[in-house]
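*Asks:* below: sequence and its predicted model.
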Amino acid sequence: LPRVLELANFSFEGPLIPASSISRIGLPLSEFFIYGDDTEFALRLRRSGMQLMLVREARVRRMPTAAGVPANGTWKTRYIIRNSFWINRLHGRNPATRLLRNYVWAVALAIVNVLRVRFIREPERFAGVVRGIAEGLWGRLPDVQWCSEEREPSGELRPPDSSHGHLNWTEEFCPDREAR
């Protein structure tokens with residue numbers, strides 16, 4: 001492993017994020033409760049032009065999990081599915097990623113859960129799947145603070161794209177706003 005390695009994504013367990021980046025793109029989205037908040041935030045950081053770097057010698061001490069708290073309860077199913085769909089809707093690079101991928105996954109999830117007879121054997125998990133699919137496909141996306149001058153990971157400017165629905169575009173944190 002090289003001493004420093006560029007990443008596409010990260011977990012919220014140990015990253016150091018400059019305050020200027022948070023001023024530029026905003027805080028992690030509270031609507032991504034319990035799953036995907038780190039992925040969505042990392043994608044916004046990258047689209048704003050920031051590189052995500054792993055330093056091999058960096059160390060993080062994890063806090064132990066609280067005793068008696070299940071690691072992945074059935075209640076999380078709804079949020080895992082919904083937030084995965086939301087990430088596709090917000091950050092997909094083309095309509096196929098933003099929409100079609102979610103519909104394909106929705107059909108696959110529905111088929112698997114019906115074949116496993118979850119609606120009888122695990123009704124709470126099945127309800128979470130159904131709610132997650134519905135909210136992920138048709139639910140209102142959270143307002144996102146975007147910088148209007150987004151960049152591809154290669155550094156090229158990305159033109160604004162409003163096809164993902166209502167987004168809270170802002171130019172107030174873009175460094176060259178007076179030049180426009």
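*Replies:* Received, thanks.

*Asks:* only C-alpha atoms from now on, for both contacts and neighbour counts.
*Replies:* Fine.

*Asks:* elements contacting the helix or strand hosting A134?
*Replies:* Taking DSSP states H and E as the definition, one finds A134 inside helix 123-138. Here helix 123-138 touches helix 76-91, helix 101-115, helix 118-121, going by 3 or more C-alpha pairs under 8 Å, 6 or more residues apart in numbering; DSSP states H and E.

*Asks:* okay, these, which one's buried deepest?
*Replies:* Highest mean neighbour count among the helices and strands packed on helix 123-138 (mean count of other C-alpha atoms under 10 Å): helix 76-91, with a mean of 23.

*Asks:* may I see the buried residues of the helix holding A134?
*Replies:* 124-137 (16 or more other C-alpha atoms under 10 Å).

*Asks:* where in the chain is pLDDT low?
*Replies:* Residue ranges of the chain with pLDDT under 70: 65-73, 146-180.

*Asks:* and the gap between F85 and P2?
*Replies:* Applying C-alpha to C-alpha, to the nearest Å, the value for F85 to P2 is 33 Å.

*Asks:* please disregard the earlier target; I meant S21.
*Replies:* 25 Å.

*Asks:* again with T77
*Replies:* From T77 to P2 the distance is 36 Å (C-alpha to C-alpha).

*Asks:* can you check R62 too?
*Replies:* 23 Å.

*Asks:* now R82
*Replies:* When R82 is compared with P2 (using C-alpha to C-alpha), they lie 36 Å apart.

*Asks:* ok, now which ones touch the residue at minimal distance from the centre of the chain?
*Replies:* Nearest residue to the geometric centre of the chain (C-alpha atoms, centre = their mean): E40, 2.6 Å. Each residue near E40 by C-alpha atoms under 8 Å, 6 or more residues apart in numbering is listed here: P28, I87.

*Asks:* how about the one 10 residues further on?
*Replies:* Neighbouring residues of M50 by C-alpha under 8 Å, 6+ apart: S21.

*Asks:* end-to-end on stretch 113-130?
*Replies:* 10 Å.

*Asks:* from the chain's centroid, how far away is it?
*Replies:* 25 Å (C-alpha atoms, centre = their mean, to the nearest Å).

*Asks:* return the residues in contact with the residue nearest to A42 when sequence neighbours are not counted.
*Replies:* Spatial nearest neighbour of A42, excluding adjacent residues (C-alpha to C-alpha, 6 or more residues apart in numbering): N9 at 5.5 Å. Contacts for N9 (C-alpha under 8 Å, 6+ apart) come out as D38, T39, A42, L43, L52.
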